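Visitor: 3D, please:
(chains A and B)
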Protein chains: 2
Amino acid sequence: MAQCSPPLDDVFQALAHPTRRAVLSRLGTGPASVGELATPFEMALPSFMKHIHLLEDTGLIRTRKSGRVRTCTLEKGSFDLIETWLDQQRSIWEGRTDRLEHFVTTTHEKEGSE
Amino acid sequence: MAQCSPPLDDVFQALAHPTRRAVLSRLGTGPASVGELATPFEMALPSFMKHIHLLEDTGLIRTRKSGRVRTCTLEKGSFDLIETWLDQQRSIWEGRTDRLEHFVTTTHEKEGSE
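Guide: Sure, this is the predicted structure:
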């Protein structure tokens, strides 16, 4: 289903929930077990695990099970997708500003020479 | 319902759809009517309007109706929310790196003095 659901859709969808953003912020300080991550939230573990699975499926975190403990680690590289998209938007805006500046400059020059 | 649905949730949710991201990119080049914006998409106008309304409700665009034409304009300021969140994440990561560096440096110094 990769074609139907581009990664950027999934990444933004994953970030659209405060619990998932809080998990990502916590993992920004270093890896943590699912138990540690779940502690601040008043949520049943199966519900919390849905958030963890979604973050893992999106590639924003990876998890590894050792015995009975599943440890989660942030995948900082996944944030590049958002950065790249934002950079693209800025380039579009700047392209527009450049065109406006060009218009103003050439209009001004034309008016000056008339 | 503002408390139940923080703006950042809404912004990320709004960005989690390719049509809405395409509209934002188009508006990055300058204001456009709903008709112009809808042209590239094979979509019934009521469906397209849902995307426009969602973008407007989130504050990513504003619209103004003049006669029969509704013109949409990008609200670049709304992107600051994403930038701020990303900056916060980076600060958390850097805080971690700083702590790791401090650990490595002090461990190295301790070992050197022993």
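Visitor: Return the residues of chain A in contact with chain B.
Guide: For chain A, the contact set with chain B under C-beta under 8 Å from any C-beta of the partner chain comprises A:6, A:8-10, A:12-13, A:15-18, A:21, A:24-25, A:28-30, A:74, A:76, A:79, A:82-83, A:85-86, A:88-89, A:92-93, A:95-96. All C-beta atoms are positioned from the backbone trio N, CA, C, and that covers glycine.
Visitor: one more time with 6 Å, if that's ok
Guide: A:9, A:12-13, A:15-16, A:25, A:28-30, A:89, A:92-93, A:96 (C-beta under 6 Å from any C-beta of the partner chain).
Visitor: what ranges do the helices span in chain A?
Guide: Using DSSP state H, the helices of chain A run over A:7-15, A:18-27, A:34-38, A:45-58, A:79-113.
Visitor: Same list, the ones you listed, but as CSV with mean neighbour count and mean pLDDT please.
Guide: Below are the helices of chain A laid out as CSV (neighbours: other C-beta atoms under 10 Å in any protein chain shown; pLDDT from 0 to 100):
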stretch, mean neighbour count, mean pLDDT
helix A:7-15, 20, 95
helix A:18-27, 19, 97
helix A:34-38, 17, 96
helix A:45-58, 16, 96
helix A:79-113, 12, 77
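Visitor: and these as TSV, adding distance to B:Lys65?
Guide: Formatted as TSV, these follow (distance: least, C-beta to C-beta, whole Å):
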stretch	distance to B:Lys65
helix A:7-15	29
helix A:18-27	34
helix A:34-38	47
helix A:45-58	38
helix A:79-113	23
